[in-house]
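**Student:** pasting the sequence and the predicted model now:
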Amino acid sequence: MTSHADPTALNARAFPTPEGGTPMMVQFLELRAEAPLDALLFYRMGDFYELFFDDAVRASDALDIALTKRGEHQGEPVPMCGVPVHNAPVYLSRLIKAGFKVAVGEQMEDPAEAKKRGAKSVVKRGITRIVTPGTLTEDDLLEARAANRIAAIARLATGECALSWADVSDGEFASMRVGNDGLEAELAALNPSEVLCCDEDGKLASELAPHAVITPRARAKFDSGAGERRLKQRFNVQSLDGFGAFTKAELSALGALLDYLELSQAGAPARLRPPLSLPSGAAMVIDPAARMSLEIDRTLQGSRKGSLIDAIDRTLTAPGARLLADRLSRPSMNLAEIQDRLDAAHFFLENRALREQTRERLKAAGDPARCLSRLLLGRGGPRDLAQLSRALKEGEKLIAGFAKDPLNAPPAPINRALDALSLAQTPELARLVQETQQSLVAEPPLLARDGGFVAPGWTPALDEARGLRDESRRVVAGLQATYAQHSGISALKVKHNNVLGYFIEVSAKNADALMGDQAFIHRQTMANAVRFSTPELGELEAKIAQAGERALAMELEIFDAFRTRIEALDAPIRRAAEALAGLDVAAATAHWAEETGAERPQVDDSLAFDIEGGKHPVVERALERSGEGRFTPNGCHLNGAGGDHPRLMLVTGPNMAGKSTFLRQNALMAILAQAGLYVPAKSARIGLVDRLFSRVGAADDLSRGRSTFMAEMIETAAILNQAGPRALVILDEIGRGTATFDGLSIAWAAVEHLHAVNQSRALFATHYHELTRLADELEAAGNCSLKAKEWKGDLIFLHEVQKGPADRSYGVEVAKRAGLPQAAVKRATDILKRLESDDAPAAALADLPLFSSLAPEPESRPSASDERLKEIDPDSLTPREALDVLYALKALSQNSG
Ligand SMILES: Nc1ncnc2c1ncn2[C@@H]1O[C@H](COP(=O)(O)OP(=O)(O)OP(=O)(O)O)[C@@H](O)[C@H]1O
């Protein structure tokens, strides 16, 4: 599919040469040549960003705005469209969502400066930034509760592979070595909005990360030596050893990413934390198919509503929500880390009042990480400053609630968070917080350039400048009365606009009186009014402007000083922001657990999988909301201890009985437990799961040219090739997309392979009853089924898991419930009876008459003569009437016959 935003198509564009152009057009085309071809150029002209040529054509189409023309270039009209600067974020976000990148060409000087060089000179412009999906920082353009990552894939000639990624909005910067076959799963976990790769890997990257914008870069940008140099220079170190041991591929990926971020931030390079090399094996690997089908952070339709995270997220801050999403997308393999998270949640569950108090404080904390990044990038304003210091202050206040009660001491992870929040540990930071709180007005504006954010009383010099400005304004206001009195025109007004500054306005009929007066200088005649100025007004105007400018300059200086101090305190501020997010997740987990009765899981390094009373949090919520009844909790034991506790469980039962739900809820249980969260179960013991595979439901993958069956087989192959004894495998009805015997054989072989070779803990749902026999033959396999019973000819699902296989499949009953025509249901019942006879299926069907050759069963509606007979009461008939009725009945039966 090629879209307007397709980088390959964009990179093939050509723009005219500047020859023969107007000075402005020459400047535009020079900037256009400087900006990457796959980005649209927003060219600032006063209050508008204008787009020209092909940029205008594509943007007007994507934004649905008018495409006009502006003069000619080289004899051809120039296509143009524009968006107002004050509304630019809205248009930017639409273009970014449509997959475009935008280079912003700003005016680099005051137009007045340009005029000094001659009437025809053009205002200097330069590219200040390239806005791309993966490099956003503005709240308007970002989703608050989701990370916004940009990733880079490096594949060296040696076969070595690595991923690097960054979140410019909060400074995250990391890399990880991966095998070629692990790229897709890791990219799915990171869920980046933009992916860099070298030119040759463009197609591969779009297959690996189908939801991301792909940005191909020259192979030279992926040079690992250059990458290392760039990293050292950026982080100002002699050696990278202090940050970790990076492979060549990691250096290549990190270097390429840094290079691109420098380009896109044009001179204001993103402020990133020093790179972190994540060890492989630190997180449970969830294959992309499983991630999708388990609907962890979004549903198959792509919405957050209806996903696992939506059902369990009780965080109150956006950074808390992002941390929770991160933990769910990369469940930990580190037992100590998991215990820490569970300890923190447990503490908040036990200490309800403290939890409520903490959550109350968190509500005011906002998003300090993103405020900090914007401030460091020079894109932050006074509101960011105020929000950041409020968050730090709330963090400080929060500590007081955790009284030093030796009998109820918070666990280590909470203590660490409290330490990070303690301003007393960083007096510099404490001072900064105090000063920003004192110096800023209650509701500061978004942008510093507008001024008006420093509170009165903060610096005498600023107060004085403002006093002068305000005093002059008062004098101006007073002048209106003086002039009115002097001229005798009571309707005289003193007004202000950007062109004339202060002026006097009178109606046209009063103008003559002032025209002859030396004190008033005529400036402008309008349809109904005439405008004048006076030297006095001019002087006051200058005073006001001067004082205003001085005041603004002082405010900007104060703001800059704060910014510089923040830059130096970058690390402790980040630590405090992370601590707040961590406390939010812990308190939210406890809150959710209390609300739903979720329990603390026991996670260890065994191979156990023992769940009692497990529930599917999303299905349970859906049932609750629709009032359709309660969720039936079910246990699941896959610890391989033998007997009742097989390692591989075959799950049978009628359609709609709840097999898929059962499979999914157990996969989710492992994810939740290793994310360090409570689980929706009475109890759960789970031995670390290193990889989670799930083949649930048949989602067509037609976009990749794979049929349902092909997609299913590819995923099954991946499972049988990769799953090991620590894996958890969830397989739902594999083989059903092909002929019965093929399907059964494949399913059969898969079960045997999983049992003997992979030896993973596995749940295998199937409709092939023949498979249930395997439980007798394979020592670590067992059967369970979902109960259903027939009642008065209807099928009732109990959603209860019981030992042993299902007695039969009830497919025909389900079809009947779904409203299949009566004739088809009856026919299916007949066929089923024959198939279930002892003969081989082919023989059983041999003498079965074809459906079409059977006379359709007559509808059992009463005949007309029957109806008539019912109406007759023989006792009330005269002999004559009886004879008439007899004739009538005879006629009716002849007609219908
Ligand atoms: N444990 C449960 N308690 C209550 N209701 C449940 C339970 N499990 C499933 N259900 C309900 O039954 C419906 C069908 O469940 P599910 O899709 O898991 O069935 P299935 O056996 O996999 O069906 P099929 O074989 O047709 O895919 C669910 O949408 C849910 O409403």
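**Tutor:** Thanks, I have the structure now.
**Student:** centre of the chain to stretch 481-496, how far?
**Tutor:** Stretch 481-496 has its average C-alpha position 60 Å from the chain's average C-alpha position, going by Cα atoms, centre = their mean, to the nearest Å.
**Student:** buried ones in that stretch?
**Tutor:** Neighbour counts over stretch 481-496 (16 or more other Cβ atoms under 10 Å) mark 483, 484, 487, 489, 492, 494 as buried. Every C-beta, even on glycine, is put in place using the N, C-alpha and C of the backbone.
**Student:** give me the mean pLDDT for that stretch.
**Tutor:** For stretch 481-496, mean pLDDT rounds to 89.
**Student:** still on that earlier bit, which of the buried residues of stretch 481-496 fall in strands?
**Tutor:** Among the buried residues of stretch 481-496, the members falling in strands (DSSP state E) are residue 494.
**Student:** which of the buried residues of stretch 481-496 lies closest to the ligand?
**Tutor:** Using Cβ to the nearest ligand atom, residue 494 is the member of these that sits closest to the ligand, with 72.4 Å.
**Student:** coming back round to it: among the buried residues of stretch 481-496, which ones are in helices?
**Tutor:** Counting by DSSP state H, the buried residues of stretch 481-496 place 483, 484, 487 in helices.
**Student:** present those as CSV; the columns should include distance to residue 633.
**Tutor:** Putting those into CSV (distance: Cβ to Cβ, whole Å) gives the following:
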residue, distance to residue 633
483, 84
484, 83
487, 88
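**Student:** quick check: residue 460 vs residue 467, distance?
**Tutor:** From residue 460 across to residue 467, the span is 10 Å (Cβ to Cβ, to the nearest Å).
**Student:** okay, the two: which has more neighbours?
**Tutor:** Neighbour count, other Cβ atoms under 10 Å: between residue 460 and residue 467, residue 467 has more, with 14 against 9.
**Student:** skip the chain neighbours and tell me the closest residue to the residue of the stretch 151-300 of the chain found nearest the ligand.
**Tutor:** Among the residues of the stretch 151-300 of the chain, residue 293 lies closest to the ligand, at 12.1 Å counting by Cβ to the nearest ligand atom. Spatially, and ignoring its direct neighbours in sequence, residue 293 is nearest to residue 696 (4.4 Å; Cβ to Cβ, 6 or more residues apart in numbering).
**Student:** so who does the one you found touch?
**Tutor:** 290, 293, 294, 660, 663, 664, 730, 731, 732 (Cβ atoms under 8 Å, 6 or more residues apart in numbering).
**Student:** looking at the residues you listed, which are in helices?
**Tutor:** 290, 293, 660, 663, 664.
**Student:** quick check: the second one touching residue 694?
**Tutor:** Looking back up the chat, that one is residue 293. Yes. With contact defined as Cβ atoms under 8 Å, residue 293 counts as touching residue 694 (5.7 Å).
**Student:** which residues do those two both contact?
**Tutor:** Taking Cβ under 8 Å, 6+ apart as the contact rule, residue 293 and residue 694 both touch residue 664.
**Student:** list the buried ones in stretch 186-206?
**Tutor:** In terms of neighbour count (16+ other Cβ under 10 Å), stretch 186-206 has its buried residues at 186-198, 201-202, 204-206.
**Student:** so which of the residues you listed belong to helices?
**Tutor:** Among the buried residues of stretch 186-206, the residues falling in helices (DSSP H) are 186, 187, 188, 189, 190, 202, 204, 205, 206.
**Student:** excluding covalently adjacent residues, which one is nearest to the last one?
**Tutor:** Which is residue 206. Closest residue to residue 206 apart from its sequence neighbours, by Cβ to Cβ, 6+ apart: residue 214 at 4.9 Å.
**Student:** which residues of the stretch 701-850 of the chain lie near the ligand?
**Tutor:** Proximity of the stretch 701-850 of the chain to the ligand is confined to residue 799 under the rule Cβ under 6 Å from any ligand atom.
**Student:** then the chain?
**Tutor:** Residues of the chain lying near the ligand (Cβ under 6 Å from any ligand atom): 619, 623, 631-632, 634, 653, 655-661, 799.
**Student:** change it to 8 Å
**Tutor:** Counting by Cβ under 8 Å from any ligand atom, the chain comes close to the ligand at 615-616, 619-620, 622-623, 628-634, 653-665, 697, 732-733, 765, 767, 786, 797, 799-800, 814.
**Student:** which ones among those lie within helices?
**Tutor:** Members of the residues of the chain next to the ligand lying in helices (criterion: DSSP H): 619, 620, 622, 623, 659, 660, 661, 662, 663, 664, 665, 814.
**Student:** buried ones among the residues of the chain next to the ligand?
**Tutor:** Buried subset of the residues of the chain next to the ligand (neighbour count, 16+ other Cβ under 10 Å): 615-616, 619-620, 623, 631-634, 653-665, 732-733, 765, 767, 786, 797, 799, 814.
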